[in-house]
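K.L.:
just coords:
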């Protein structure tokens, strides 16, 4: 029977590898669902909670603050559940993260004030941020190393499929009250019972846990020889995710403000927002596998540099001047393709850290970047001309240049 680390065909994979792969994929798919339910209804729901028109400036301000709280929760959840994953094991932590984001996404439906929604989005984000780190470490420890780029692409595609699922429900609920769509977010909780029964802890975690006198403290991330890697990854994630999440949040408002869209009915505006997100996700799925192919050929570091430069360049060209609705959809496909860079982080980052600091390190660095992104989302949306979201998106595109420069010092994970 082939060694798990030498498997070259799907038929060579062990039962544990198949189950861990399915568990991580489903967890990430529902991540995408719960993550983007809010972006689909942010403007109408926040306007409803504030009893204001959708075009009121305060709606944009409060919506940005809610999204910032979500990103902060994501960052803290990555660090918190990353630590849980190193202490308790990957499978147990995966279950906890899913229950967390499913429960609090569902509770968002009962919000009666804008700050209620802020709190529920913050708490749901704790689980979403933690699931990224735990799922990535689970697969990096169970699947063949040579498959890592393709695993990363497939996991990131799971997020995209979750977003498409959110779009599907957005279409179904387009004529309903915005709050009802959050009830769909409870669905992920149904897979937890299967994960606890079917997905064992990884052998690598058991071995490392048994041989350690005690788990290393989080402070070891900032001690030699790991400190250099920690700071480089933190910087890359902070800069690139600020640009990415500025786009991901404000693009929905930009679509709704287009001359061809703004005078449509509420259902028509919702449909336009959903279509734009669908086009973006289709492009992202293509980009995931394009980035994986490039990583196999030229390595993670060069691929990340290339895709960051492409992302910034395409965003700049897209928002340099107003485009028609149809042309903008084509540009969104290209922007989505550039987002394949974030799929690479899935398998690239965890192996850079020691086993008992793996989910802590990957979760802390990748998700702490969202603390910066949270501030960036608010800054670009509120301290530029709020009525002209295009300007905010144009300035955000510039940040991919420094991200590409920082990536030059990113270590290449061992094969």
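P.N.:
That came in fine, so what should we check first? Everything numeric in this text was worked out from a predicted model, so none of it was measured.
K.L.:
CA atoms for contacts and neighbours, from now on please.
P.N.:
Will do.
K.L.:
and the strand or helix carrying residue 364, what does it pack onto?
P.N.:
Using DSSP states H and E, residue 364 sits within helix 358-382. Of the remaining helices and strands, those touching helix 358-382 by 3 or more C-alpha pairs under 8 Å, 6 or more residues apart in numbering; DSSP states H and E are helix 57-88, helix 114-140, helix 227-256, helix 389-397.
K.L.:
skipping adjacent residues, who's closest to residue 296 in space?
P.N.:
Nearest in space to residue 296, with sequence neighbours left out and distances taken as C-alpha to C-alpha, 6 or more residues apart in numbering, is residue 149 at 6.7 Å.
K.L.:
pretty sure the one you found contacts residue 341?
P.N.:
No. Here residue 149 does not reach residue 341: they are 10.9 Å apart, not a contact under C-alpha atoms under 8 Å.
K.L.:
what touches both of the two?
P.N.:
Where contact means C-alpha atoms under 8 Å, 6 or more residues apart in numbering, the residues bridging residue 149 and residue 341 through contact with each are residue 291.
K.L.:
between these two, who's got more neighbours?
P.N.:
Neighbours were counted for residue 149 and for residue 341 using other C-alpha atoms under 10 Å; residue 341 has more, 30 against 26.
K.L.:
got the angle between the helix or strand encompassing that one and helix 227-256?
P.N.:
In this structure, residue 341 is located in helix 340-348 according to DSSP H and E. Taking axes from the mean of the first three to the mean of the last three C-alpha atoms, to 10 degrees, one finds that helix 340-348 is oriented at 150 degrees with respect to helix 227-256.
K.L.:
tell me which residues in stretch 253-264 are buried?
P.N.:
Buried residues in stretch 253-264, counted by 16 or more other C-alpha atoms under 10 Å: 253-257, 261-262.
K.L.:
quick one: distance of it to the chain centre.
P.N.:
Centroid displacement of stretch 253-264 relative to its chain, using C-alpha atoms, centre = their mean, to the nearest Å, is 26 Å.
K.L.:
what about it, start to end distance?
P.N.:
Between the opening and closing residues of stretch 253-264 there is a gap of 14 Å (C-alpha to C-alpha, to the nearest Å).
K.L.:
that stretch - what's its average pLDDT?
P.N.:
Mean pLDDT, taken over the full extent of stretch 253-264, equals 89.
K.L.:
give the residue spans of the chain that score low on pLDDT.
P.N.:
Along the chain, the parts satisfying pLDDT under 70 run over 1-11, 212-215, 370, 377-388, 414-415.
K.L.:
any idea which helix is longest in it?
P.N.:
When every helix of the chain is counted residue by residue (DSSP state H), the longest turns out to be helix 15-50.
K.L.:
tell me the angle it makes with helix 57-88.
P.N.:
Going by the same axes, to 10 degrees, helix 15-50 makes 150 degrees with helix 57-88.
K.L.:
name the helices or strands packed onto helix 15-50?
P.N.:
With contacts taken as 3+ C-alpha pairs under 8 Å, 6+ apart, helix 15-50 sits against helix 57-88, helix 90-107, helix 114-140, helix 148-172, helix 227-256, helix 266-298.
K.L.:
so which of those is nearest residue 24?
P.N.:
Nearest of the helices and strands packed on helix 15-50 to residue 24, taken as C-alpha to C-alpha: helix 114-140 at 5.0 Å.
K.L.:
which secondary structure elements does that closest one sit against?
P.N.:
Under the contact definition 3+ C-alpha pairs under 8 Å, 6+ apart, helix 114-140 sits against helix 15-50, helix 57-88, helix 90-107, helix 340-348, helix 358-382.
K.L.:
swap the cut-off to 10 Å and go again
P.N.:
Under the contact criterion of 3 or more C-alpha pairs under 10 Å, 6 or more residues apart in numbering; DSSP states H and E, helix 114-140 touches helix 15-50, helix 57-88, helix 90-107, helix 148-172, helix 203-211, helix 340-348, helix 358-382.
K.L.:
count of neighbours near the closest residue to residue 142 other than its chain neighbours?
P.N.:
In space, not counting the residues next to it along the chain, residue 142 is nearest to residue 17; the distance is 5.8 Å by C-alpha to C-alpha, 6+ apart. Residue 17: 22 surrounding residues under other C-alpha under 10 Å.
K.L.:
residues contacting residue 17?
P.N.:
Counting by C-alpha atoms under 10 Å, 6 or more residues apart in numbering, residue 17 makes contact with 4, 10, 23, 138-139, 141-144, 199-200, 202.
K.L.:
ok so, going back, so can I have CSV of the helices and strands packed on helix 114-140 showing distance to residue 276?
P.N.:
Putting those into CSV (distance: least, C-alpha to C-alpha, whole Å) gives the following:
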stretch, distance to residue 276
helix 15-50, 10
helix 57-88, 19
helix 90-107, 23
helix 148-172, 10
helix 203-211, 41
helix 340-348, 18
helix 358-382, 20
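K.L.:
quick revisit: and the helix holding residue 341, what does it pack onto?
P.N.:
Taking 3+ C-alpha pairs under 10 Å, 6+ apart as contact, the helices and strands that helix 340-348 lies on are helix 114-140, helix 148-172, helix 227-256, helix 266-298, helix 300-319, helix 358-382.
K.L.:
same thing but at 7 Å, please
P.N.:
Packed against helix 340-348, as judged by 3 or more C-alpha pairs under 7 Å, 6 or more residues apart in numbering; DSSP states H and E, are the following elements: helix 114-140, helix 148-172, helix 266-298, helix 300-319.
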